[in-house]
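> predicted model follows, preceded by the sequence.
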Protein chains: 2
Amino acid sequence: MTEATIGAGAFDRDTAVTAREEGVYGAELSDQWTIGNAVNGGYLLALLGRALGDVLPHPDPFTITAHYLTASRPGPATVRAATVRVGRTLSTGTASLAQADEEGREVERIRVLATYGDLAALPDDVRTSAKPPQIPPYEQCLGAKDGMDPANVPPITHQVDLRLDPATVGWAVGEPSGRGEVRGWFGLADGRDHDPLSLLLAVDALPPTAFDLGLSGWVPTVELTVHVRHRPAPGPVRVAITTRNLAGGFLEEDAEVWDSQDRLVAQSRQLARALLD
Amino acid sequence: MTEATIGAGAFDRDTAVTAREEGVYGAELSDQWTIGNAVNGGYLLALLGRALGDVLPHPDPFTITAHYLTASRPGPATVRAATVRVGRTLSTGTASLAQADEEGREVERIRVLATYGDLAALPDDVRTSAKPPQIPPYEQCLGAKDGMDPANVPPITHQVDLRLDPATVGWAVGEPSGRGEVRGWFGLADGRDHDPLSLLLAVDALPPTAFDLGLSGWVPTVELTVHVRHRPAPGPVRVAITTRNLAGGFLEEDAEVWDSQDRLVAQSRQLARALLD
């Protein structure tokens, strides 16, 4: 298979938005980025991020927050994006994704607030104390499909190249570590390299840390905020997700994304519901 | 001094909003929560959070995000708050704070997106691995005014009861640790206990971690997201703020707030600009 390039991959195709009028876009939520009947929240955020990048004068999401209101479904959707403020180096905008319900009434699925900038224009200074996560080499990590019944592999698993750190997959064989950690290598199955938009997918594409805490129920995202800090270098990224505070039926999921040049390219935090079963 | 009660403290008075019409509120930004000519971002977030709590059916900010667009100034302001979606256990809304500029034109200062719920309705389960920060007893910490020229104490310093961990104030005497950590006890000067709204202040009321990294310039907040996870018990809270990634002229500030019952009551992250001087 020849490798897809940025702009020409399945991710680009499935997150495309078509301008209908000023600030209004048509989109088709793909059924290829789903688990069960849930459309991946990172995939949806990337689609909204693409629309915002079209209305704002700056190209890259520096900080983007999504509140997931109702469950998105594969199929047609309408995205509305509007400018809040335009500055010299940063601009802020809001976006919304809506779908028609069974009766044809429009229902809002997601509301987004974000500030964009130009990653390429940032100075090169790095004074970070953050260290890349300790993850075994790609070859020694476990493919997401490994051990799955091929008939039950979720569609999104075919779209991504996810290799999990064996130390964080005990839950798959009934032995969660209880630490609330999931780590792995993350790329796109068609070989498309990462860009700021695909990082919005990367932070939400690993199995829930709740599984490593011994929970098996669904963990719907209430809110997800992503900071994109640097343009990712070519090659798969390393993603480390941790949960420290599961309490009152909610938990946070903190994600770090590191590129092949050992740059911390994205940080995210989400508030999710732990549906105990 | 008799202790102020929740609802009757200086913080409540200065974050009050007055309904003018459906979803529109008048407010007076106090000059008592400032440093230099900057109005504290946590104070402003609490004021916006109060307006949102008035329009939404749920009382407590579970996750609230503010994007700081232009510099707020002490004086009159208009807050507009609107409902995005109302659910059974969660409701989402957006709010905006605006002020008139020199020519009387309205300028938006802050845009907020938040989801509210009822902290009192959450189950009591706690399965957290988070541990409270190691901070010396209140009496052994340093008052924010200690060593300051009384004539130059910023107004906000008189409103809060902030006691900093001596291990994290080396920057004040020209010896930053370089770790990017600031910790301390945080209460309100009039003895008012904390509530979910004052936690929005607590996460942004300590000196910038950038000082502990050896920077001395101003660190304006671009975006601040706070998760309130539990209703705080009476007494001062412990706040620990850390920065791991200072790069490209931006940094994140992660805050944890722990109450007197050793509950992790709030988590926050902000993206800030490091204005190198």
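All right, it came through fine.

> can I get stretch A:183-202 in PDB? Just the C-alpha atoms.
C-alpha atoms of stretch A:183-202 as PDB (Å, rounded to 0.1, in the frame of the first residue of the first chain):
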ATOM      1  CA  ARG A 183       0.100   4.000  26.700                       C
ATOM      2  CA  GLY A 184       0.900   3.200  23.100                       C
ATOM      3  CA  TRP A 185       2.000   4.200  19.700                       C
ATOM      4  CA  PHE A 186      -0.500   5.900  17.500                       C
ATOM      5  CA  GLY A 187      -0.600   6.300  13.700                       C
ATOM      6  CA  LEU A 188      -3.100   6.300  10.900                       C
ATOM      7  CA  ALA A 189      -3.600   2.900   9.100                       C
ATOM      8  CA  ASP A 190      -3.100   4.400   5.700                       C
ATOM      9  CA  GLY A 191       0.300   5.800   6.700                       C
ATOM     10  CA  ARG A 192      -0.800   9.400   6.600                       C
ATOM     11  CA  ASP A 193       1.600  11.400   8.900                       C
ATOM     12  CA  HIS A 194       0.200  13.400  11.800                       C
ATOM     13  CA  ASP A 195      -0.700  17.100  11.700                       C
ATOM     14  CA  PRO A 196      -2.300  19.300  14.300                       C
ATOM     15  CA  LEU A 197      -5.800  18.000  13.400                       C
ATOM     16  CA  SER A 198      -4.900  14.300  13.700                       C
ATOM     17  CA  LEU A 199      -3.500  15.100  17.200                       C
ATOM     18  CA  LEU A 200      -7.100  15.900  18.200                       C
ATOM     19  CA  LEU A 201      -7.900  12.300  17.300                       C
ATOM     20  CA  ALA A 202      -4.800  10.900  19.000                       C
END
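
> buried residues in that stretch?
For stretch A:183-202, the neighbour count (16 or more other Cβ atoms under 10 Å in any protein chain shown) marks A:183-190, A:192-202 as buried. Where you see a C-beta, it was placed from the backbone N, CA and C, and this is true even at glycine.

> cool, stretch A:161-181 as well?
Within stretch A:161-181, the residues scored as buried using 16+ other Cβ under 10 Å are A:161-165, A:167-172, A:176, A:179-181.

> now do stretch A:37-54
Within stretch A:37-54, the residues that count as buried by 16+ other Cβ under 10 Å are A:38-54.

> hang on, the earlier thing: so which of the buried residues of stretch A:183-202 sit within helices?
Among the buried residues of stretch A:183-202, the ones falling in helices (DSSP state H) are A:196-202.

> in contact with the residue in the stretch 1-150 of chain A positioned nearest to chain B, which residues?
Ranked by Cβ to the nearest Cβ, the top residue of the stretch 1-150 of chain A for proximity to chain B is residue A:122, at 3.5 Å. Taking Cβ atoms under 8 Å, 6 or more residues apart in numbering or on different chains, we find residue A:122 in contact with A:230, B:248-250.

> switch to 6 Å and redo it
By Cβ atoms under 6 Å, 6 or more residues apart in numbering or on different chains, the contact set of residue A:122 is B:248-249.

> those residues of chain A touching chain B, which are they?
Applying Cβ under 6 Å from any Cβ of the partner chain, we find that chain A lies next to chain B at A:63, A:65, A:67, A:69, A:84-85, A:92, A:111, A:113, A:115, A:122-123, A:126-130, A:222-223, A:225, A:227, A:244-249, A:252, A:264, A:267, A:269, A:271.

> hang on, residue A:95 in a strand?
Yes. Under DSSP: H, G, I helix; E, B strand; the rest coil, residue A:95 falls within a strand.

> what's the one helix or strand residue A:27 maps to packed up against?
Applying DSSP states H and E as the criterion places residue A:27 in strand A:24-29. Judged by 3 or more Cβ pairs under 6 Å, 6 or more residues apart in numbering or on different chains; DSSP states H and E, strand A:24-29 is in contact with strand A:18-21, strand A:75-86.

> which one of those lies closest to residue A:150?
Closest of these to residue A:150 is strand A:75-86, at 25.9 Å (criterion: Cβ to Cβ).

> flag every buried residue along the closest one.
Buried residues in strand A:75-86, counted by 16+ other Cβ under 10 Å: A:77-81, A:84-85.

> now the helices for chain A?
Using DSSP H, helices in chain A cover A:10-14, A:41-55, A:155-159, A:196-202, A:209-212.

> let's have the ones you listed in a markdown table, adding mean pLDDT and distance to residue B:147.
What follows is these, written out as a markdown table (pLDDT from 0 to 100; distance: least, Cβ to Cβ, whole Å):
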| stretch | mean pLDDT | distance to residue B:147 |
| --- | --- | --- |
| helix A:10-14 | 98 | 55 |
| helix A:41-55 | 98 | 46 |
| helix A:155-159 | 94 | 56 |
| helix A:196-202 | 98 | 44 |
| helix A:209-212 | 92 | 43 |
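
> near the residue of the stretch 151-277 of chain A found nearest chain B, how many other residues are there?
Distances between the stretch 151-277 of chain A and chain B by Cβ to the nearest Cβ are smallest at residue A:248, namely 3.5 Å. Residue A:248: 20 surrounding residues under other Cβ atoms under 10 Å in any protein chain shown.

> list the residues that contact it.
Neighbours of residue A:248 in contact, by Cβ under 6 Å, 6+ apart: residue B:122.

> same deal with residue A:96?
Contact analysis of residue A:96 by Cβ under 6 Å, 6+ apart lists A:80, A:108, A:111.

> one more time with 8 Å
By Cβ under 8 Å, 6+ apart, the residues touching residue A:96 are A:79-81, A:108, A:110-112.

> circling back: tell me which of the residues of chain A next to chain B fall in strands.
Residues from those lying in strands, with DSSP state E as the criterion: A:63, A:65, A:67, A:84-85, A:92, A:111, A:113, A:115, A:222-223, A:225, A:227, A:246-247, A:252, A:264, A:267, A:269, A:271.

> just the buried subset of those residues, please.
Among those, those buried by neighbour count (16+ other Cβ under 10 Å) are A:63, A:65, A:67, A:84-85, A:92, A:111, A:113, A:115, A:222-223, A:225, A:227, A:246-247, A:252, A:264, A:267, A:269, A:271.

> contact partners for the closest residue to residue A:225 other than its chain neighbours?
In space, and not counting its chain neighbours, residue A:225 is closest to residue A:65: 4.4 Å by Cβ to Cβ, 6 or more residues apart in numbering or on different chains. Contacts of residue A:65 were listed using Cβ under 8 Å, 6+ apart, and they are A:112-114, A:223-226, B:65, B:113, B:223, B:225.

> name the nearest of the residues you listed relative to residue A:11.
residue A:226 (15.7 Å).

> who does the closest one bridge with?
residue A:64, residue A:268 (DSSP bridges).

> surely it and residue A:63 touch.
Yes. Using Cβ atoms under 8 Å, residue A:226 makes contact with residue A:63 at a distance of 7.3 Å.

> was I right about residue A:34 contacting residue A:158?
No. Using Cβ under 8 Å, residue A:34 is not in contact with residue A:158, being 10.8 Å away.

> quick one, which of these two is more surrounded?
Set residue A:34 next to residue A:158 and count neighbours by other Cβ under 10 Å: residue A:34 wins out with 19 against 14.
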